[in-house]
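Participant: 3D model of this:
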Amino acid sequence: MERNFGGVIWTNHALQRLKERNISQGDAWATFRRPEQSKYAESKGAWIYYKTYGNQKIEVVAKQNEKKEWIILSVWSRQTFKNTKKPDSLLKLVWKRIFKK
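Facilitator: Alright, predicted model coming up:
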């Protein structure tokens with residue numbers, strides 16, 4: 001993993017979190033560059049960028065320094081669970097269980 005990767009600066013903390021959480025630097029960078037969603041972070045001037053890869057949602061915290069260079073502060077991932085059943089079939093299953101008794 002590189003401290004300067006993809007035109008941004010990666011903190012030691014962010015690089016350590018990538019290793020600990022088994023997240024590739026390329027996936028974290030892609031999340032930062034082309035997020036599905038973003039929002040202000042609690043830390044002043046920072047943003048959180050989100051992108052889902054299969055059942056894993058990667059979150060990247062970044063902000064600009066005084067030179068207007070982007071710095072990746074931290075990275076983590078969360079497991080996502082998608083409902084594979086259609087709502088209609090789920091509703092039918094509920095009704096079957098109700099009237100079965």
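Participant: Grab the longest helix from the protein for me.
Facilitator: In the chain, taking DSSP state H as the definition, the longest helix is helix 87-100.
Participant: Spit out the contact partners of L18.
Facilitator: Contact analysis of L18 by CB atoms under 8 Å, 6 or more residues apart in numbering lists 1, 24-25, 28, 75. Where C-beta positions appear, they are placed from N, C-alpha and C, glycine not excepted.
Participant: Over to E2. Which of the three states is it?
Facilitator: coil (DSSP: H, G, I helix; E, B strand; the rest coil).
Participant: Near it, how many other residues are there?
Facilitator: Here the number of neighbours of E2 (other CB atoms under 10 Å) works out to 8.
Participant: I'd like the distance between it and I72.
Facilitator: Distance from E2 to I72, counting by CB to CB, to the nearest Å: 11 Å.
Participant: Name the residues contacting each of those two.
Facilitator: Taking CB under 8 Å, 6+ apart as the contact rule, E2 and I72 both touch W10.
Participant: hang on, the earlier thing: distance from the chain centre to the longest helix of the chain, please.
Facilitator: Distance of helix 87-100 from the chain centroid (CA atoms, centre = their mean, to the nearest Å) equals 34 Å.
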